[in-house]
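S.K.: Predicted structure and sequence below. I'll ask about it afterward.
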Amino acid sequence: MLLDSLKDFEWYNEPKDVRFNETGMSVVCQEKTDFWQSAAHHFSKDDGHFFFSESKGDFCLIVKWVLDKPAESFSQCGIMLRADSQNWFKFGTMAENEDSPKLGSSLTKLGSSDWAVVNLSKPIKEMWYKLVRNQDDYIAYYSEDGIIYKQHRLFFLPAEMGKIKVGVYAASPQQKEFIANLEILDLVA
């Protein structure tokens, strides 16, 4: 990934420690950061790190995250899109511990987050994500090799929400330090 391709991207909750190079970026997530909304329980976390560009139309986002060590303590990195703090989607790698890797996604509408999980058979060090928008429909995919993608989720967000912010996210709800390395970020509108 060349740095020139990132000129239209910006941060929401920029991490204190992020390094860019010609192949991507390395993010050190701050502890106790997350994206989660629960209107019923009066709980809100909107302080994870999100690197995004804005889009009005259809797009295809492809991302590859590489971990220094397998995810644990619910540390996470993946793809995200946001209309606002009450309406967004995140999809990433996470685990309670190194031996229970998962892919988890959360669709938040009107301030309430849901949760969908795929258990993985082994700890992972790298994962590809693809998010496709076709009008108001979105399809999220994942791949362990960057060649064969499996569909994880299809969901709907209405277009009247205006511009959608789309990009990558990372968060560390419990762990003190979590390092994730982004190697590919390709957004085609």
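M.R.: Here it is on my side, so go on. Numbering: from 1, shown residues only.
S.K.: Name the strands paired with the strand of greatest length in the chain and say parallel or antiparallel.
M.R.: In the chain, taking DSSP state E as the definition, the longest strand is strand 178-188. Strand 178-188 pairs in its sheet with strand 24-29 (antiparallel), strand 59-67 (antiparallel), by DSSP bridges.
S.K.: In terms of helices and strands, where is the residue positioned nearest the centre of the chain?
M.R.: With distances taken as C-alpha atoms, centre = their mean, residue 79 lies nearest the centre of the chain, 2.6 Å away. Residue 79 belongs to strand 76-84 when assigned by DSSP states H and E.
S.K.: What pairs with that strand, parallel or antiparallel?
M.R.: Taking DSSP bridges, the sheet neighbours of strand 76-84 turn out to be strand 87-95 (antiparallel), strand 164-171 (antiparallel).
S.K.: tell me which residues of that strand are tucked away?
M.R.: Residues of strand 76-84 classed as buried by neighbour count (16 or more other C-beta atoms under 10 Å): 76-83. C-beta coordinates here come from the backbone N, C-alpha and C atoms, glycine included.
S.K.: and if you look at stretch 141-150?
M.R.: Taking 16+ other C-beta under 10 Å as the neighbour-count basis, stretch 141-150 is seen to contain the buried residues 141-144, 149.
S.K.: contacting residues around that stretch?
M.R.: 64, 91, 103, 118, 124, 126-132, 151-152 (C-beta atoms under 8 Å, 6 or more residues apart in numbering).
S.K.: so residue 165 bridges to which residues?
M.R.: Going by DSSP bridges, residue 165 forms beta bridges with residue 54, residue 82.
S.K.: I figured residue 78 was touching residue 130, is that so?
M.R.: No: in this structure residue 78 lies outside contact range of residue 130 using C-beta atoms under 8 Å: 11.0 Å.
S.K.: what residues are shared contacts of the two?
M.R.: With contacts taken as C-beta under 8 Å, 6+ apart, residue 78 and residue 130 have residue 63 as neighbours in common.
S.K.: Report the contact partners of the residue nearest to residue 58 when sequence neighbours are not counted.
M.R.: Across the structure, with C-beta to C-beta, 6 or more residues apart in numbering as the measure, the residue nearest residue 58 apart from its sequence neighbours is residue 133 (5.1 Å). With contact taken as C-beta under 8 Å, 6+ apart, residue 133 is in contact with 55, 57-60, 81, 164, 166.
S.K.: Alright, I will stop here.
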